[in-house]
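>>> sequence first, predicted coordinates after that:
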2 protein chains.
Amino acid sequence: MNDLKSSMADAADAVERALDRLLQLGGDPEDRVIEAMRYAVLGGGKRIRPFMVLSSSAMFGVDRASALRAAAAVEMVHCYSLVHDDLPAMDNDELRRGKPTCHKKFDEATAILAGDALLTRAFEVLADPETHQDARVRADLVLALAEACGERGMVGGQVLDLMAETTDLNMPEITRMQRMKTGMLISVACEMGAILGHASENARHTLHAYAHDLGLAFQIADDLLDVEGSIEKTGKKTGKDQAAGKATFVSLLGVERARGQAKMLSDQAVQHLEIFGEKGDLLKQLAHFVVERDA
Amino acid sequence: MNDLKSSMADAADAVERALDRLLQLGGDPEDRVIEAMRYAVLGGGKRIRPFMVLSSSAMFGVDRASALRAAAAVEMVHCYSLVHDDLPAMDNDELRRGKPTCHKKFDEATAILAGDALLTRAFEVLADPETHQDARVRADLVLALAEACGERGMVGGQVLDLMAETTDLNMPEITRMQRMKTGMLISVACEMGAILGHASENARHTLHAYAHDLGLAFQIADDLLDVEGSIEKTGKKTGKDQAAGKATFVSLLGVERARGQAKMLSDQAVQHLEIFGEKGDLLKQLAHFVVERDA
């Protein structure tokens, strides 16, 4: 796993710098919202989604600068979703990655607007000729990201998650909710390398299948951490779902079966990558990592 | 003005139908957010921005179906901004177009998510090959819209507007704030026809200049309506800025000078269009309309 850990650390550093460059203060009165955007995206997180963009890009020989811009865009969308999900009207969270949430650090209006601007900026970055010289690639990146994040994707998943506070979801419902809420963005992150690298439809579908299994494994691992993890390691309040009486993979399957399911899905994810040979090694290691992490 | 009024009514009908087609309920539990999206965009508004997209598109022989999709995307962004601006943490408005605002009709979480999904959907529509066969056009539409709506555009303008509640803005500051908050989206709406129609850079710049003047004229007219309009006609609470002690074009210039300024800007906007001859007639009439409207 040394390979993976150093690759992830390198990727996280590079993405941090890319995000920093993309979100520069301008010395204008509206800088407050840029400060909130920077607060939301800089200095935190494992950068798993950007790592997926960079790793899948490396498989198809994509220029590193292009891949980094796409990775930054995906991370902006991920962070915008966290900022909005943390709002008082939604999950009402005060702590994120061990720091006050954006609306706590700034204020609600600024947090809403910072989220809006991050989402907008993500599409701007992807559509910019600097990201790729082929306009078809740029339009495809925008389309893939938007399809993953709207009412039939991430936003729809958050709606379902909010509904889960008052209705008990069963396994197929939870699976669908998590697929939408977190899985689709993970899928698009893994597919971006194929889009950027003009890879075959088959390669893209394979990455999609990998991400589909990985995304669920990731979420089950998250649910396990919510039950078993500590606030010190995860940097956020744990035991939340349980306290809210919310059905999760763990509450429905129990700890042992959930752990087994995560392992099975992670193995299955790895299987998909066999057609890529050694080129798929990093993403294979990542599949194991997501179910073994402790934060 | 008969020409204009019937053209605007036709455009509004066509855009309404396009938005309705783009936002279909799916029979899924997350339909609630689609209902909120539909509530926010259907059945209301003068559809001035979509009319700008359609009119500028007609000038360059753009296929009507393409133009309608771009117009719908712009209207989605406009409506998302209204939904978020109306939230309790922002302007805290209860009435919009004579109906309860989105968070009043649904709830805050749903309103935030419906806005997020509308913004996302706008980019999805623009990036979709159905909007234009040329990927360069699609990427350019996305880029132009995103640049107009982020922290250096519409969102930045809303930040400045919120700050104006506690600091008195002077004329250059108000002009800049309004330019960002409402002007840049109006500009991109007018430029979209040029982008869709592969028009010259010069044509696009001319439309930009027209929209720049028109946007300010539009905003001054809005400020005048806030002072002089009635809730019956405008469908929203009037006298708000005055009550909040907020500086506006009218509070700084007085009613008469503000009216004169709006007229001057509208005439100036018309001047830019001379190079297009008769083809610019509808947009010329629009420039007069925006300063003469009573709602």
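Here it is on my side, so go on.
>>> residues in contact with the host helix or strand of A:Lys5?
Element membership for A:Lys5 (DSSP states H and E) is helix A:2-22. Contacts to helix A:2-22, defined as Cβ atoms under 8 Å, 6 or more residues apart in numbering or on different chains, come from residues A:38, A:41-43, A:45-48, A:50-51, A:54-55, A:64, A:68-69, A:71-72, A:75-76, A:121, A:125, A:281-282, A:285-286, A:289. Just so you know, the C-beta spots here come from the backbone N, C-alpha and C atoms, and that holds for glycine as well.
>>> chain center to it: distance?
15 Å (Cα atoms, centre = their mean, to the nearest Å).
>>> next secondary structure after it?
helix A:31-41.
>>> so how far is that following helix off the chain centroid?
The chain centre lies 19 Å from the centre of helix A:31-41; the measure is Cα atoms, centre = their mean.
>>> helices and strands around that helix, which ones?
Applying 3 or more Cβ pairs under 8 Å, 6 or more residues apart in numbering or on different chains; DSSP states H and E, one finds that helix A:31-41 makes contact with helix A:2-22, helix A:64-85, helix A:102-105, helix A:108-127, helix B:154-163.
>>> and A:Met264, which of the ones you listed is closest to it?
helix A:2-22 (20.4 Å; Cβ to Cβ).
>>> can I get that closest one as PDB, trimmed to CA atoms?
Coordinates of each C-alpha in helix A:2-22 appear next as PDB, following Å, rounded to 0.1, in the frame of the first residue of the first chain:
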ATOM      1  CA  ASN A   2       3.000   2.300   0.100                       C
ATOM      2  CA  ASP A   3       2.600   3.000  -3.500                       C
ATOM      3  CA  LEU A   4      -1.000   4.000  -2.900                       C
ATOM      4  CA  LYS A   5      -0.300   6.200   0.100                       C
ATOM      5  CA  SER A   6       2.400   8.200  -1.500                       C
ATOM      6  CA  SER A   7       0.400   8.500  -4.700                       C
ATOM      7  CA  MET A   8      -2.600   9.700  -2.700                       C
ATOM      8  CA  ALA A   9      -0.500  12.200  -0.800                       C
ATOM      9  CA  ASP A  10       1.100  13.500  -4.000                       C
ATOM     10  CA  ALA A  11      -2.400  13.800  -5.600                       C
ATOM     11  CA  ALA A  12      -3.800  15.600  -2.600                       C
ATOM     12  CA  ASP A  13      -0.900  18.100  -2.700                       C
ATOM     13  CA  ALA A  14      -1.300  18.800  -6.400                       C
ATOM     14  CA  VAL A  15      -5.000  19.200  -6.100                       C
ATOM     15  CA  GLU A  16      -4.600  21.500  -3.200                       C
ATOM     16  CA  ARG A  17      -2.300  23.700  -5.200                       C
ATOM     17  CA  ALA A  18      -4.600  23.600  -8.300                       C
ATOM     18  CA  LEU A  19      -7.600  24.600  -6.100                       C
ATOM     19  CA  ASP A  20      -5.600  27.400  -4.600                       C
ATOM     20  CA  ARG A  21      -4.600  28.700  -8.000                       C
ATOM     21  CA  LEU A  22      -8.200  28.600  -9.300                       C
END
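>>> and the end-to-end length of stretch A:55-63?
12 Å (Cα to Cα, to the nearest Å).
>>> before we move on, back to that, buried ones in the helix holding A:Lys5?
Residues A:Leu4, A:Ser7, A:Met8, A:Ala11, A:Ala12, A:Ala14, A:Val15, A:Glu16, A:Ala18, A:Leu19, A:Leu22 are the ones in helix A:2-22 that count as buried (16 or more other Cβ atoms under 10 Å in any protein chain shown).
>>> which one's the longest helix in chain A?
The residue-count maximum for a helix in chain A (DSSP state H) belongs to helix A:201-228.
>>> for the record, mean pLDDT for that helix?
What helix A:201-228 shows for mean pLDDT is 94.
>>> in that helix, which residues are buried?
For helix A:201-228, burial by neighbour count (16+ other Cβ under 10 Å) applies to A:203-204, A:206-226.
>>> contacting residues for A:Leu286?
The neighbourhood of A:Leu286, defined by Cβ under 8 Å, 6+ apart, consists of A:Leu4, A:Met8, A:Ile48, A:Phe51, A:Met52, A:Ser55, A:Leu214.
>>> local confidence estimate at it?
96.
>>> helix or strand for it, just tell me which one.
Per DSSP H and E: helix A:281-292 holds A:Leu286.
>>> now do the buried residues in that helix.
Neighbour counts over helix A:281-292 (16+ other Cβ under 10 Å) mark A:Asp281, A:Leu282, A:Leu283, A:Lys284, A:Gln285, A:Leu286, A:Ala287, A:His288, A:Phe289, A:Val290, A:Val291 as buried.
>>> stretch A:186-203 too?
Using 16+ other Cβ under 10 Å as the test for burial, stretch A:186-203 gives A:186-197, A:199, A:203.
>>> likewise for stretch A:39-56?
Applying 16+ other Cβ under 10 Å to stretch A:39-56 flags A:39-41, A:44-56 as buried.
>>> least confident pick among these?
Within the set of the buried residues of stretch A:39-56, pLDDT is lowest for A:Gly44 (75).
>>> my read: that residue touches A:Arg97, true?
Yes: between A:Gly44 and A:Arg97 a contact is recorded at 4.0 Å, counting by Cβ atoms under 8 Å.
>>> name the nearest residue to A:Gly193, ignoring sequence neighbours.
Among residues not flanking A:Gly193 along the chain, A:Ser56 sits closest, at 2.7 Å (Cβ to Cβ, 6 or more residues apart in numbering or on different chains).
>>> tell me which element the one you found falls in.
If you go by DSSP H and E, A:Ser56 is part of helix A:48-59.
>>> what helices or strands is that helix leaning on?
helix A:2-22, helix A:64-85, helix A:184-196, helix A:201-228, helix A:281-292.
>>> how near is A:Val83 to A:Ala114?
6 Å (Cβ to Cβ, to the nearest Å).
>>> what is in contact with those two at once?
Each of A:Ala40, A:Cys102 lies in contact with both A:Val83 and A:Ala114 under the rule Cβ under 8 Å, 6+ apart.
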